[in-house]
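Visitor: here is a sequence with its predicted model. Questions after.
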Amino acid sequence: MTHPKSRITVTIDPELLARVRLTVEAGPARSVSAYIEHAVRCQLADDDEFAAMLAASLAATGGPPTPEELDVADRMLGLDAPADEAA
């Protein structure tokens, strides 16, 4: 059983859309909508995987960096002042 779909409007680079349409015409995807839905599912899965990896890494290293650690990193990278103070 499929879930009801929602209709949306998106803006996409014409070259990307042309490639998607060629893929659909070649057969691997049923439609442009199916192709885009698959791409969104893949991106969301990647986002979830990255979030889990980041959470595990932070848990293994004692949590997010402290303000002092961020200051040290900024100095090491030559970013002595926050962006809003640098202007």
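Guide: Everything's here; your move. Numbers count the residues shown, from 1 in each chain.
Visitor: and stretch 50-66, how far out from the chain middle?
Guide: 18 Å (CA atoms, centre = their mean, to the nearest Å).
Visitor: and the average pLDDT for it is what?
Guide: Mean pLDDT, stretch 50-66: 95.
Visitor: and what of stretch 9-22?
Guide: In this model, stretch 9-22 has a mean pLDDT of 96.
Visitor: list the buried residues in that stretch.
Guide: Neighbour-count burial for stretch 9-22 flags Val20 (criterion: 16 or more other CB atoms under 10 Å). The way it works is simple: take the backbone N, C-alpha and C, and place the C-beta from them, glycine included.
Visitor: what does that stretch contact?
Guide: 29, 32, 35-36 (CB atoms under 8 Å, 6 or more residues apart in numbering).
Visitor: just stretch 38-53 next, same as before
Guide: With contacts defined as CB under 8 Å, 6+ apart, stretch 38-53 is touched by Ala29.
Visitor: distance from that stretch to the middle of the chain?
Guide: Per CA atoms, centre = their mean, the centroid offset for stretch 38-53 relative to its chain is 7 Å.
Visitor: and it, which residues are buried?
Guide: So, applying 16+ other CB under 10 Å, stretch 38-53 has no buried residues.
Visitor: now Ser31: closest residue in space, sequence neighbours ignored.
Guide: Val24 (6.1 Å; CB to CB, 6 or more residues apart in numbering).
Visitor: about what we covered before: please indicate which of the contacts of stretch 9-22 are buried?
Guide: Using 16+ other CB under 10 Å, the buried members of these are 29, 35-36.
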